[in-house]
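>>> Here is a sequence together with a model predicted from it:
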Amino acid sequence: MSKQQIVERFFAISNHDFCPWANRYVAWLREPLGWFAVAALAAGLIGALVAPQGWLVCAVVLVVMVLGMVWPWLAMRGMEAQVSFNRRRCHELDEVTVILDVTNRWPWPVWGLLVERGFFCSTGHDQEPAATALSRVAGWSNSRFEFTYQPPRRGVFPHEPPVLATGFPFGIWHAVRSISVTEQLIAWPRTTSLRSLPMLPGNRLSAMGSCVDRAGNDGDIMAARPYIRGDSLRRVHWVHTARRDTLIVCERQTAARRRILVVLDQNAFSSNETAWDWSLRVVASLCREFHSHACELTYELNGERRFVSPGIAGLHRLFDRLAAFQPGVQSNRTAARTEADAMDRLTILVTSAKRWQSLAGHDDRRLQRADLRAVVLDEGASGAGAMRERAWIALALAGEPSRQLQQQWERQCHDDWAK
């Protein structure tokens, strides 16, 4: 056993709770006020049994306890606070200005104010600050404080009602008062910039979409043909008309939209929040790219499918759902279900390595019939060989998933157009 393992084992033993049943009886000793009560009791016993000077110590401790509880409580009775943000939406780790308006109705100033809860949450083993300290608030005043906040992960902030707290002057007891929130901040999953698109020969004619080699009024010129009554004179090819001594018009492409379905497998990740966050970032990146190319986009979260309407408002509604997404109850339903119109739709499944290996083994025939492409996220230290089998894109969370997605996406799109 190495030295590091011995140290880790020692810390694990020293921090282990050997008597969890006794926590409710000794919980009050975790607060400073509990130790002050013990000190007052001990001083009182000394004054009664040993020396009268113990009563003086007991009185001093009791005065400190009363003052340390009454002062914060009284200060909070005259305080009101309201929090707002300089914008409604942002991405993860974007800088947002938090505006805190504090009203003090007392004629004396208040010190030692803290903003707690709602903003700071720890992910994994990262230790985040528990509060934000404020400077002095003058008496009979309306004070405004601004501080920069970076949402550590997606979500709706504040994720719980924030409070204004103070323990001044001794910090043995904290009085709190709730802070009203005018409008919540929605932190979207951060996206990866994807600059290409796989070849999507859609079959649904539309005014918007990718151009295909069918006769229409959009796109590039495919060929030339004789004039038909009703053709626009703008499409007349005058060089060929002069050569053949008859009207020749240009045949152009038409616009068609391919149906895209992006599915987040609800059975992929059990309780791994990091894996869930990365899967949502992948979904957000894919949807943004397809939406920017006017595809008919549908997404599925927790077994519920929704259509993304054209325009920026539809994309914003999708990102709002991704920000507030919570994994639902796991289902035995196959994630890669095929339907009657599956051949006219590209389905992209975002799942885990273990889940994809299971799906590829049990539903091999159904996966071959449908146009299904899998984006597989490996939670292990390195990408396994079984994970990459028949997977369109394979990402190892231990590395840099964002760069991996960008590189593999570009390569797959290049291979699509090179076929």
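Received it, and whenever you're ready, just let me know what you need.

>>> any idea how far the residue nearest to residue 162 when sequence neighbours are not counted is from residue 85?
Counting by Cβ to Cβ, 6 or more residues apart in numbering, residue 162 lies nearest to residue 118, which is 3.7 Å off, once chain neighbours are set aside. Quick note: C-beta positions are derived from backbone N, CA and C, even for glycine. To residue 85, residue 118 is 12 Å away according to Cβ to Cβ, to the nearest Å.

>>> could you give the mean pLDDT of the helix or strand where residue 406 lies?
Per DSSP states H and E, residue 406 falls inside helix 401-418. On average, the pLDDT along helix 401-418 is 90.

>>> thinking again about what came up before, what separates the residue nearest to residue 162 from residue 348, distance-wise?
From residue 118 across to residue 348, the span is 35 Å (Cβ to Cβ).

>>> quick one: low-confidence ranges for the stretch 301-419 of the chain?
329-344, 361-370, 381-389, 419 (pLDDT under 70).

>>> Could you pull out the helices in it for me?
Applying DSSP state H, counting those that start in this stretch to the stretch 301-419 of the chain gives helices spanning 312-323, 353-362, 364-369, 385-388, 401-418.

>>> Can you lay out those helices as JSON lines showing distance to residue 267 and mean neighbour count?
As requested, those are exported to JSON lines (distance: least, Cβ to Cβ, whole Å; neighbours: other Cβ atoms under 10 Å):
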{"stretch": "helix 312-323", "distance to residue 267": "18", "mean neighbour count": "17"}
{"stretch": "helix 353-362", "distance to residue 267": "6", "mean neighbour count": "18"}
{"stretch": "helix 364-369", "distance to residue 267": "16", "mean neighbour count": "12"}
{"stretch": "helix 385-388", "distance to residue 267": "16", "mean neighbour count": "15"}
{"stretch": "helix 401-418", "distance to residue 267": "20", "mean neighbour count": "15"}
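
>>> Just put these in TSV and tack on distance to residue 109.
Shown next, in TSV, are the helices of the stretch 301-419 of the chain (distance: least, Cβ to Cβ, whole Å):
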stretch	distance to residue 109
helix 312-323	39
helix 353-362	58
helix 364-369	69
helix 385-388	61
helix 401-418	48
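
>>> Specify the stretch among the ones you listed that is closest to residue 19.
Among the helices of the stretch 301-419 of the chain, helix 353-362 comes nearest to residue 19, with 38.0 Å by Cβ to Cβ.

>>> List the contacts of the helix holding residue 406.
With contact meaning Cβ atoms under 8 Å, 6 or more residues apart in numbering, helix 401-418 is reached by 192-199, 278, 281-282, 285, 375, 377, 392-396.

>>> Of those residues, which qualify as buried by neighbour count?
192, 194, 197-198, 278, 281-282, 285, 375, 377, 392-396 (16 or more other Cβ atoms under 10 Å).

>>> Check the contact between residue 98 and residue 82; I expect there is one.
No - look at residue 98 against residue 82 with Cβ atoms under 8 Å: they stay out of range, at 11.4 Å.

>>> Now do residue 105 against residue 69, distance only.
Residue 105 sits 21 Å away from residue 69, going by Cβ to Cβ.
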